[in-house]
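S.K.: please find the sequence and the predicted model below.
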Amino acid sequence: MNKLRSKELKRIARQNLTGNYQNMMGGFLLIVLISFVIDLPFSMLLDTVYATTAQKIMYYVAEILISLIMSVLQIGLIHMHIMLINRKPVRATDVFFCIKNHSNRFFGGAILYFVFSTIAQAPMIIARIFIGFSYEKIMTDIALIATSAILMIILSLTLPLYYYVLITNEQLSVFKCLTKAVSLMKGNVLRLIYIELSFIGMFVLGILSLGIGFLWIEPYYQQTITCMYMEITGKLPDPHTDPVFDQYV
């Protein structure tokens, strides 16, 4: 079976979002607002030159917890996109699905991904905290930052489907979901890169719009990646037999 091209996946994504954009935008906006509200008090702890060591520690611990909560909400958003493909009704409040259902599993998955992400960022953290950015040590700083960048790229290309696997394979442990997510990307890395590159122009417009444009861009991007996952796993409705889809040109 031939793999669908990037433009075909994006076309299916647009068709899926027709009539559903409001709910998908609402789910994304909920995550953004929740992140802002719960992060603001802790950010204020460091918004002073008189911040104590205890305040700094409290801030970084809070940031980790907030990051995990946001990850679980992100899985809930992915759940919404999968429901959309399966022709099930969605509401903005469905982003809380993973918090209300099997939260231990999803927090466990978020923690596991956070560990890998932290390992990838470790060289940059070392450069920032223990070495410090200085002219005398600039080569060491560049090497450590470059190492982190490479590790983060590898992580983003090998585990982009981890949360998708986590939410659609309840019979698998969080560790087995990790290995399955890696295996699903075999032969699909270049396609993912092409999809990412095709959205660069939109991302730039989103930035120029002071972030407002991402209310439209994020659902489109997320639905496209979801379509790719569903196709890889053989769960994407056939566009040639599903009456919802037009025939490809």
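M.R.: Here it is on my side, so go on.

S.K.: separation between Lys180 and Glu63?
M.R.: Lys180 sits at a distance of 29 Å from Glu63 (criterion: Cβ to Cβ, to the nearest Å). For glycine as for every other residue, the C-beta is placed from the backbone atoms N, C-alpha and C.

S.K.: between these two, which has more neighbouring residues?
M.R.: Comparing Lys180 with Glu63 by neighbour count (other Cβ atoms under 10 Å), the higher total belongs to Lys180, at 16 against 13.

S.K.: surely the more buried one and Val165 touch.
M.R.: Yes. In this structure, Lys180 sits in contact with Val165. The criterion is Cβ atoms under 8 Å, and the distance is 5.1 Å.

S.K.: shared neighbours, these two?
M.R.: With contacts defined as Cβ atoms under 8 Å, 6 or more residues apart in numbering, the residues adjacent to both Lys180 and Val165 are Leu172.

S.K.: can you list the weak-confidence ranges in the chain?
M.R.: Within the chain, the segments meeting pLDDT under 70 span 1, 45-53, 55-56, 128-137, 238-249.

S.K.: what's the single longest helix in this protein?
M.R.: Longest among the helix segments of the chain by residue count, using DSSP state H, is helix 53-85.

S.K.: tell me the contacts of the residue nearest the centre of the chain?
M.R.: With the centre of the chain defined as its mean C-alpha position, the nearest residue by Cα atoms, centre = their mean is Gln74, 6.6 Å away. Residues in contact with Gln74, defined by Cβ under 8 Å, 6+ apart, are 31, 163.

S.K.: now it: how far from Thr18?
M.R.: From Gln74 to Thr18 the distance is 23 Å (Cβ to Cβ).

S.K.: go on, Leu4?
M.R.: When Leu4 is compared with Thr18 (using Cβ to Cβ), they lie 18 Å apart.

S.K.: of these two, which one has the most company?
M.R.: Regarding Leu4 and Thr18, a neighbour count based on other Cβ under 10 Å identifies Leu4 as having more, with 19 against 8.

S.K.: how far does stretch 219-230 sit from the chain's center?
M.R.: In this view, stretch 219-230 has its centroid 11 Å away from the chain centroid, taken as Cα atoms, centre = their mean, to the nearest Å.

S.K.: so what secondary structure elements neighbour the helix or strand just after the longest helix of the chain?
M.R.: Scanning forward in sequence from helix 53-85 by DSSP states H and E, the next helix or strand is helix 97-100. Judged by 3 or more Cβ pairs under 8 Å, 6 or more residues apart in numbering; DSSP states H and E, helix 97-100 is in contact with helix 53-85.

S.K.: next, the buried residues of the helix it packs on.
M.R.: Taking 16 or more other Cβ atoms under 10 Å as the neighbour-count basis, helix 53-85 is seen to contain the buried residues 59, 62, 68-85.

S.K.: same check, this time on stretch 92-100
M.R.: Along stretch 92-100, the positions that meet the burial threshold by neighbour count (16+ other Cβ under 10 Å) are 92, 94-98.

S.K.: nearest to Glu8, of those?
M.R.: Comparing the buried residues of stretch 92-100 against Glu8 with Cβ to Cβ places Asp94 closest, at 26.6 Å.

S.K.: list the contacts of Ser198.
M.R.: 6-7, 10 are the contacts of Ser198 under Cβ under 8 Å, 6+ apart.

S.K.: contacts only, for Met83.
M.R.: Neighbours of Met83 in contact, by Cβ under 8 Å, 6+ apart: 89-90, 94.

S.K.: reformat the buried residues of stretch 92-100 as CSV; add distance to Arg105.
M.R.: Conversion of those to CSV gives the following (distance: Cβ to Cβ, whole Å):
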residue, distance to Arg105
Ala92, 23
Asp94, 17
Val95, 17
Phe96, 15
Phe97, 12
Cys98, 8
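
S.K.: and Ser183, how many neighbours?
M.R.: For Ser183, the number of neighbouring residues by other Cβ under 10 Å comes to 12.

S.K.: fine by me, we can end here.
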